[in-house]
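Trainee: Have a look; sequence and predicted model below, questions after that.
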Amino acid sequence: MKETIKVIGIGDDGKKSLLPVYEKWIYESEILVGGERQISFFQDYCGEKVVIKGGLSSLVTFLEKEEERNIVVLASGDPLFYGIGSYLAKRLNVEIYPYLSSLQQAFAKMNESWQDVYIVSVHGRNMKGLAQRINGREKVALLTDTENSPSVIARYLRSFFMNEYKAFVAENLGGDNERYAFYELEEMEHLEFSPLNIVILKKITDSKTWSFGIDDEEFHQRKPEKGLLTKKEIRTLSLSEMKLNQKSIVWDIGTCTGSVAIEACLIANEGQVYAIEKNDHDLENCRLNMQKFRTDFTVVQGKAPDKLDEFPDPDAIFIGGTAGGVQEILSVCCSRLRKNGRIVLNAITIENLSQAVEAFKRNGFEVSITLAQVSRSKPILNLTRFDALNPIYIIAAHRKEGE
């Protein structure tokens with residue numbers, strides 16, 4: 001008969017953190033599973049001890065073979081808070097008994113409520129994109145690791161001028177070496193911390209946040225040669241045609257100053273944005289804009305379609321400019337685009353419009369075209385006249401049903 005596996009959360013103070021009934025279940029079990037630290041709390045345990053090593057799939061295979069025996073799995077804190085609990089629950093018959101999570105304990109030390117916190121794990125993960133995910137949030141909790149330590153996080157935040165935050169670092173919560181304190185980011189950047197820590201950012205001053213439709217003059221760009229920026233009106237129309245969501249993966253081909261990539265990051269702040277640009281000076285401006293607008297996306301120097309194989313398959317692609325080879329670029333883009341994805345291309349000549357529409361149709365895509373003719377008001381003495389921007393063809397393409 002299959003036994004229900006008990007998954008029990010435990011604190012850094014070992015047995016002291018357990019309810020008496022949980023400790024009873026542990027000593028009555030035949031197999032005790034957990035990390036080295038959790039198992040070390042039970043030197044007097046008489047059953048079989050199994051230390052978790054390697055991937056969790058092998059652990060599930062082992063537990064399935066032993067499902068008729070009485071098994072307890074030990075997990076750190078709350079097994080369902082970035083722990084093994086949810087993984088095991090989807091595959092095995094388990095009962096979960098949580099202890100306090102590190103997040104709960106850290107906020108208790110701060111004497112702060114935590115129902116409104118934004119939680120991010122950088123444990124074993126790249127911090128790329130963190131800037132746009134947390135920008136403007138009042139409270140942020142970061143689960144760290146040895147590589148993404150508090151000092152590395154402070155250095156990262158300061159590179160995007162996020163000095164409106166003060167950091168609370170809690171180390172070894174519940175353990176003998178417990179320590180917690182507030183730090184200025186500049187101070188935290190030069191300190192060392194225990195590997196077992198959680199970082200909480202609290203916003204203490206106002207900061208500039210950016211919404212959809214950033215004014216053109218806000219961007220670092222070529223001067224006096226300003227024609228290479230995708231103008232605000234065209235940018236907003238193009239981005240609306242891309243149908244982005246919060247987790248979209250986006251390509252920006254010919255990013256120039258990065259204006260479209262930056263606004264894509266503001267929409268897809270839980271996703272990923274990848275950009276390519278061949279010009280040195282434009283790349284320099286792009287990186288300055290990334291800092292200013294607190295958007296951390298991947299930008300590479302190159303001429304498309306070269307280097308596009310380094311990017312993951314996208315949900316949406318913007319093509320703002322190409323130095324020739326549009327047929328080859330569109331062929332790659334059409335083949336790599338994910339299901340229900342969209343490609344938006346801006347063209348200023350009817351020749352480029354014709355080539356793009358033909359290439360899309362050849363690849364089985366449906367096309368819609370918007371001719372945007374925009375004029376902006378301009379004062380003349382105490383009167384107002386209008387200056388016309390260059391007309392732009394906004395070509396939006398998606399794959400036909402069934403293709």
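Mentor: Structure received.

Trainee: Show me what counts as buried in stretch 355-367.
Mentor: Residues Gln355, Ala356, Val357, Ala359, Phe360, Asn363, Phe365, Val367 are the ones in stretch 355-367 that count as buried (16 or more other CB atoms under 10 Å). Every residue, glycine included, has its C-beta placed from N, CA and C.

Trainee: How about stretch 82-92?
Mentor: For stretch 82-92, by 16+ other CB under 10 Å, it's Tyr82, Gly83, Ile84, Gly85, Leu88, Ala89, Leu92.

Trainee: could I get those as TSV with distance to Cys265 and secondary structure?
Mentor: What follows is those, written out as TSV (distance: CB to CB, whole Å; DSSP: H, G, I helix; E, B strand; the rest coil):
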residue	distance to Cys265	secondary structure
Tyr82	25	coil
Gly83	30	coil
Ile84	32	coil
Gly85	32	helix
Leu88	35	helix
Ala89	34	helix
Leu92	39	coil
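
Trainee: what about stretch 65-85, distance to the chain center?
Mentor: Relative to its parent chain, stretch 65-85 has a centroid offset of 28 Å by CA atoms, centre = their mean, to the nearest Å.

Trainee: And Arg294, how close does it get to Ser58?
Mentor: To Ser58, Arg294 is 41 Å away according to CB to CB, to the nearest Å.

Trainee: Between the two, which is the more surrounded one?
Mentor: Using other CB atoms under 10 Å, the more surrounded residue of Arg294 and Ser58 is Arg294, with 25 against 11.

Trainee: check contacts around that one.
Mentor: Ala131, Gln132, Asn135, Phe160, Phe161, Met162, Trp210 (CB atoms under 8 Å, 6 or more residues apart in numbering).

Trainee: Weed out the non-buried ones from these.
Mentor: Ala131, Gln132, Asn135, Phe160, Met162, Trp210.

Trainee: The fourth one: what's it in contact with?
Mentor: Residues in contact with Phe160 (CB under 8 Å, 6+ apart) are Ala131, Asn135, Gln291, Arg294, Asp296.

Trainee: what's the distance between it and Ser335?
Mentor: 35 Å.

Trainee: which one is Gly302 nearest to, not counting chain neighbours?
Mentor: Among residues not flanking Gly302 along the chain, Ile276 sits closest, at 5.3 Å (CB to CB, 6 or more residues apart in numbering).

Trainee: who does the host helix or strand of that neighbour pair up with?
Mentor: Using DSSP states H and E, Ile276 maps to strand 272-277. Here strand 272-277 is paired, per DSSP bridges, with strand 249-253 (parallel), strand 298-301 (parallel).

Trainee: which of these is buried the deepest?
Mentor: strand 249-253 (a mean of 26; mean count of other CB atoms under 10 Å).

Trainee: average model confidence for that strand?
Mentor: Strand 249-253 carries an average pLDDT of 98.

Trainee: For this protein, which residues score under the pLDDT cut-off?
Mentor: Scanning the chain for pLDDT under 70 picks out 1, 224-227, 321-324, 401-403.

Trainee: burial count for the closest residue to Tyr22 other than its chain neighbours?
Mentor: Among residues not flanking Tyr22 along the chain, Ile8 sits closest, at 5.2 Å (CB to CB, 6+ apart). Counted by other CB under 10 Å, the residues lying close to Ile8 total 25.

Trainee: Which SSE is immediately downstream of the helix or strand Ile8 falls within?
Mentor: If you go by DSSP H and E, Ile8 is part of strand 5-10. Remark: after strand 5-10, the chain's next helix or strand is helix 20-28, criterion DSSP H and E.

Trainee: Which positions within that next one qualify as buried?
Mentor: So, applying 16+ other CB under 10 Å, buried residues of helix 20-28: Tyr22, Trp25, Ile26.

Trainee: Just after it, pick out the following helix or strand.
Mentor: Criterion used, DSSP H and E; the element after helix 20-28 is strand 31-34.

Trainee: Which strands and helices lie in contact with that following strand?
Mentor: strand 48-51, strand 71-76 (3 or more CB pairs under 8 Å, 6 or more residues apart in numbering; DSSP states H and E).
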